[in-house]
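Novice: this one's sequence-less:
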């Protein structure tokens, strides 16, 4: 690249992950929303950092703000745009209904006068690619329209679907709702929610809302605002679960996307949502088991702890010692509706947990052999070209890593 062009590109480039601000808000009046919209992102951040600001801001609007983890589905793999200084891309949502307004602000935009290069330079259009991934019916065309929607929805919005569970965290009530795409309200709301998966789940794509085998579970915070007779609802997180046919007339369910919004993370909402989904599936006689598609390490940890605590509470492993017959593993999976991989993992962790590694060396040896046989069977194809010593070493190394990971999980049970 020409040095002058490279210097100009660097000077006018903006990282979109830090330039894009997602804001969730509710307010009593449209005027309160308009006042909140006039604030810059630094003012909103300062209010959020102020420990004395526990509820609404001084303008009567309650706004929380955060950045996306990813913007490459919108702005390309480099997650940069060209042509601005002081750029902020503000994606405003009503915290419950997810009515939406996009506002782009900048201190300076590149013009021909800003460059000595002989070729014309043009700023990237940062608004159009973002609007393409938003729900068009939810999109407001002006600040006033958005302000009116937020004020109205703060009072009138109610979650779509059927309420299946509720729980309390720090004296606040949270409700879990369930629906599918045969329900117009659920389909419309999911169209608004789905943009979040692009921002926070790597490699995520929109699901096919024309396929009614999808089930959607949503968590909402239910707030009773001072001076209001009715509650308002704020979206906390959601998950999409797909139902696969299982002969002759059953289904196997698989969690596809699972997201708790950043302001609500590390507060136990992921576990609460997973438990609600698992309980709902466990009570459905038409469902065989629950699996997960490409889980992250953090999700795996959360799921392991939820499943293990549930299984231990129900004495699922009582009387079992390694080696456990495959037929018994299958029975456990069928009884507790967990896919083979997960019930095997939980069984191995539980067996290790109950072992006295010092006083029961024979039991420990049997346990190691039990797990190593499973590791060998799962990796037989990859080890096909190795000699016997190489295979043994590969299995020993894999086992050491597995046991170390199991001890880490056991420490958290």
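Specialist: That came through, no problem. Since we're looking at a predicted model, the values are computed, not measured. Numbering: from 1, shown residues only.

Novice: now the strands: where do they sit in the chain?
Specialist: Using DSSP state E, the strands of the chain run over 13-15, 20-27, 61-66, 80-82, 84-85, 88-94, 100-105, 108-109, 162-169, 172-180, 214-223, 232-246, 250-260, 287-292.

Novice: tabulate those (a markdown table), appending distance to residue 319.
Specialist: (C-beta placed from N, C-alpha, C; glycine too.) Below are the strands of the chain laid out as a markdown table (distance: least, Cβ to Cβ, whole Å):
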| stretch | distance to residue 319 |
| --- | --- |
| strand 13-15 | 57 |
| strand 20-27 | 50 |
| strand 61-66 | 48 |
| strand 80-82 | 59 |
| strand 84-85 | 67 |
| strand 88-94 | 52 |
| strand 100-105 | 56 |
| strand 108-109 | 72 |
| strand 162-169 | 32 |
| strand 172-180 | 35 |
| strand 214-223 | 35 |
| strand 232-246 | 30 |
| strand 250-260 | 28 |
| strand 287-292 | 23 |
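
Novice: now these in JSON lines, with distance to residue 281, mean pLDDT and mean neighbour count?
Specialist: Listed next are the strands of the chain as JSON lines, based on distance: least, Cβ to Cβ, whole Å; pLDDT from 0 to 100; neighbours: other Cβ atoms under 10 Å:
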{"stretch": "strand 13-15", "distance to residue 281": "41", "mean pLDDT": "96", "mean neighbour count": "18"}
{"stretch": "strand 20-27", "distance to residue 281": "29", "mean pLDDT": "96", "mean neighbour count": "23"}
{"stretch": "strand 61-66", "distance to residue 281": "31", "mean pLDDT": "91", "mean neighbour count": "21"}
{"stretch": "strand 80-82", "distance to residue 281": "42", "mean pLDDT": "96", "mean neighbour count": "19"}
{"stretch": "strand 84-85", "distance to residue 281": "48", "mean pLDDT": "94", "mean neighbour count": "18"}
{"stretch": "strand 88-94", "distance to residue 281": "30", "mean pLDDT": "98", "mean neighbour count": "23"}
{"stretch": "strand 100-105", "distance to residue 281": "32", "mean pLDDT": "97", "mean neighbour count": "18"}
{"stretch": "strand 108-109", "distance to residue 281": "52", "mean pLDDT": "93", "mean neighbour count": "14"}
{"stretch": "strand 162-169", "distance to residue 281": "11", "mean pLDDT": "98", "mean neighbour count": "14"}
{"stretch": "strand 172-180", "distance to residue 281": "11", "mean pLDDT": "98", "mean neighbour count": "20"}
{"stretch": "strand 214-223", "distance to residue 281": "9", "mean pLDDT": "98", "mean neighbour count": "22"}
{"stretch": "strand 232-246", "distance to residue 281": "8", "mean pLDDT": "98", "mean neighbour count": "21"}
{"stretch": "strand 250-260", "distance to residue 281": "5", "mean pLDDT": "98", "mean neighbour count": "20"}
{"stretch": "strand 287-292", "distance to residue 281": "5", "mean pLDDT": "97", "mean neighbour count": "20"}
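
Novice: figure out which of those is closest to residue 352.
Specialist: When those are compared by Cβ to Cβ, strand 287-292 sits nearest residue 352, at 22.1 Å.

Novice: tell me what that closest one is packed against?
Specialist: strand 232-246, strand 250-260, helix 269-282, helix 326-336, helix 340-353 (3 or more Cβ pairs under 8 Å, 6 or more residues apart in numbering; DSSP states H and E).

Novice: including distance to residue 29, could the ones you listed go into CSV?
Specialist: Formatted as CSV, the helices and strands packed on strand 287-292 follow (distance: least, Cβ to Cβ, whole Å):
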stretch, distance to residue 29
strand 232-246, 13
strand 250-260, 30
helix 269-282, 29
helix 326-336, 51
helix 340-353, 49
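
Novice: and those: which comes nearest residue 316?
Specialist: Nearest to residue 316 among the helices and strands packed on strand 287-292 is helix 326-336; the distance by Cβ to Cβ comes to 6.3 Å.

Novice: who's in contact with the closest one?
Specialist: If you take Cβ atoms under 8 Å, 6 or more residues apart in numbering as the criterion, helix 326-336 is touched by 282, 288-289, 310-311, 314, 316, 320, 338-340, 342-344, 347.

Novice: that one vs helix 269-282, what angle?
Specialist: Between helix 326-336 and helix 269-282, the angle comes out at 100 degrees (axes from the mean of the first three to the mean of the last three Cα atoms, to 10 degrees).

Novice: so which bits of helix 326-336 are buried?
Specialist: For helix 326-336, a neighbour-count test (16 or more other Cβ atoms under 10 Å) marks 329, 332-333, 336 as buried.

Novice: what of stretch 130-145?
Specialist: Neighbour counts over stretch 130-145 (16+ other Cβ under 10 Å) mark 130, 134-135, 138, 140, 143 as buried.

Novice: gap between the two ends of that stretch?
Specialist: By Cα to Cα, to the nearest Å, the extent of stretch 130-145 from end to end equals 19 Å.

Novice: stretch 378-397 now?
Specialist: With Cα to Cα as the measure, stretch 378-397 spans 14 Å from end to end.

Novice: how far is it from where the chain is centred?
Specialist: Centre-to-centre, stretch 378-397 and its host chain are 36 Å apart (Cα atoms, centre = their mean, to the nearest Å).

Novice: which of the residues in it are buried?
Specialist: Using 16+ other Cβ under 10 Å as the test for burial, stretch 378-397 gives 391, 394-395.
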